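Peer 1: using only what follows, build the 3D model:
(one chain, ligands or ions: 2)
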Amino acid sequence: MSQRNRALLGWLVVVAAGVTLLAARGASPAGAQSEALTAAQRERAATVYAVQCATCHGADARGGVVPGTDDPVPALAGNPDVTVPYLDLVMRVGRMPPPENDPYDNRARNVVIGDTDRLLVVEYLAEQFDIPGLIPVPIGGDAARGREVFATNCAQCHGSTGAGGVAGAGAWTPPVAGKGAIAIAEAIRVGPFQMPAFSPEQIPAEQVADVAAFLQEVDEDAGTPVTGLIELNPVYASGLAAIFVLAIVLSLLWIAGRPSWFPDPAGQHRRGTQPDAPVGATMADQETRS
Ligand code: HEC
Ligand code: HEC
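Peer 2: Ligands and ions are numbered 1, 2, ... in the order given. Below is the predicted model of the structure:
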């Protein structure tokens with residue numbers, strides 16, 4: 001099965017889960033509405049959406065343009081890419097709302113919506129526009145196995161320790177260590193923006209948890225992100241290598257015949273001791289005096 005077909009299958013599973021959930025909600029006599037948001041919560045969510053999202057995505061969430069420009073903004077309603085975990089992810093990591101002057105710049109991260117408001121907005125949009133999917137529930141994982149899963153599937157873009165950074169040719173990936181297990185699980189299945197999505201066939205749920213455990217462990221080790229960045233950035237790496245080689249060459253020169261432009265430590269030492277009389281003479285003088 002090709003990567004694309006697998007991703008499609010993954011989506012079918014997600015959509016099927018969403019449809020089942022909606023069907024279950026509809027079947028309950030109380031109805032979906034009463035189970036989800038209270039009137040006050042819905043009002044709060046609508047206000048947050050109006051202030052933080054509607055200027056670009058439209059009051060009806062059908063997309064539009066960035067105000068004052070012709071730059072297109074994708075729809076959130078009726079957009080097959082947009083799911084509950086995608087909505088949660090973009091607000092959780094601060095990718096949305098973006099800076100007004102450059103909403104396409106994927107380097108900006110600014111979390112402006114708190115946990116409570118975020119969950120309200122997600123639930124509100126899901127309810128209003130039948131957006132499918134669920135926010136994943138984190139389970140415990142094994143960091144050692146996660147390291148391997150990450151090395152195989154993620155390191156080529158995010159660096160071996162998830163430090164992110166300049167991936168070459170103008171491409172940029174965000175740091176992922178320290179983003180939390182839920183954001184990791186969401187991103188793996190969603191494939192936000194330029195990132196590919198991974199289906200449960202490619203990365204099963206236990207491996208998603210393993211990756212989250214690995215990234216958690218990396219985040220707790222303060223030293224590693226720097227190494228990750230150097231690994232990922234060939235300019236830094238070659239600069240460091242050049243300094244290292246220069247240091248070795250200079251040490252070898254020093255050992256095997258000092259060049260004339262090198263200071264002579266032995267000479268300096270002699271100059272420093274020259275005024276003193278030889279040790280033996282001093283001893284003799286002292287003896288004569290006593
Ligand atoms: C300043 C304008 C602006 C605001 C405000 C804004 N967005 Fe966006 N949004 C964009 C643009 C532009 C894109 C497409 C970016 C890209 O493709 O790089 C986008 C993309 C998205 C996507 C991905 C859609 C897809 O098809 O992949 C989601 C989800 C999203 N926005 C949700 C939100 C939510 C939720 C809010 C409010 C909390 C919000 N946005 C606020 C401009 C905005
Ligand atoms: C082909 C390159 C690529 C691969 C492979 C990849 N990612 Fe990503 N990932 C990206 C890019 C690019 C973004 C940022 C998308 C955006 O916001 O525009 C991203 C975003 C993320 C985010 C959201 C962080 C944030 O601040 O927006 C997480 C979490 C993440 N990736 C985890 C992973 C994990 C775990 C894997 C491996 C299973 C992986 N990625 C594989 C390129 C990749």
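
Peer 1: tell me, how many residues neighbour Asp81?
Peer 2: 14 (other Cβ atoms under 10 Å). Using the backbone N, CA and C atoms, a C-beta is placed for each residue, glycine as well.

Peer 1: can you tell me the closest non-neighbouring residue to it?
Peer 2: Pro74 (7.7 Å; Cβ to Cβ, 6 or more residues apart in numbering).

Peer 1: measure that neighbour to ligand 2 for me?
Peer 2: 13 Å (Cβ to the nearest ligand atom, to the nearest Å).

Peer 1: what of Gln207?
Peer 2: From Gln207 to ligand 2 the distance is 9 Å (Cβ to the nearest ligand atom).

Peer 1: where does that residue land in three-state SS?
Peer 2: Secondary structure state of Gln207, per DSSP: H, G, I helix; E, B strand; the rest coil, is helix.

Peer 1: for the nearest residue to it once chain neighbours are set aside, give me the pLDDT.
Peer 2: Nearest non-adjacent residue to Gln207, counting by Cβ to Cβ, 6+ apart: Val149, 4.7 Å away. You'll see Val149 listed with a pLDDT of 98.

Peer 1: which ones are touching the residue nearest to Asp81?
Peer 2: By Cβ atoms under 8 Å, 6 or more residues apart in numbering, the residues touching Pro74 are His57, Gly63, Asp81, Val82.

Peer 1: so what's the first one closest to, chain neighbours aside?
Peer 2: Translated: His57. In space, His57 is closest to Leu76, 5.3 Å off (Cβ to Cβ, 6+ apart).

Peer 1: please, where are all the strands along the stretch 101-250 of the chain?
Peer 2: Ranges of strands within the stretch 101-250 of the chain are 165-168, 171-173, based on DSSP state E, counting those that start in this stretch.

Peer 1: just to revisit the earlier point, quick check: the gap between the residue nearest to Gln207 and Ala143.
Peer 2: 10 Å (Cβ to Cβ, to the nearest Å).

Peer 1: can you pull the residues that touch both of these two?
Peer 2: Asp210, Phe214.

Peer 1: enumerate every residue touching Val122.
Peer 2: Val122 touches Val84, Leu87, Asp88, Met91, Ile135, counting by Cβ under 8 Å, 6+ apart.

Peer 1: just the closest of those to Gly257, please.
Peer 2: Taking Cβ to Cβ as the measure, Gly257 lies nearest Met91 of these, at 66.0 Å.

Peer 1: for that closest one, what is the enclosing helix or strand?
Peer 2: helix 84-92 (DSSP states H and E).

Peer 1: give me the contact list for that helix.
Peer 2: Contacts for helix 84-92 (Cβ under 8 Å, 6+ apart): 18, 76, 95-96, 111, 113, 118-119, 121-122, 125-126, 131-136, 180, 182-183, 185-187, 189-190, 192.

Peer 1: in helices, which of the residues you listed appear?
Peer 2: Per DSSP state H, helices hold the following members of those: 18, 118-119, 121-122, 125-126, 182-183, 185-187, 189-190.

Peer 1: near ligand 2, which residues of this protein show up?
Peer 2: 93, 95, 106, 109, 153-154, 156-158, 173-174, 176, 179, 183-184, 187-188, 192-196, 198, 203, 211 (Cβ under 6 Å from any ligand atom).
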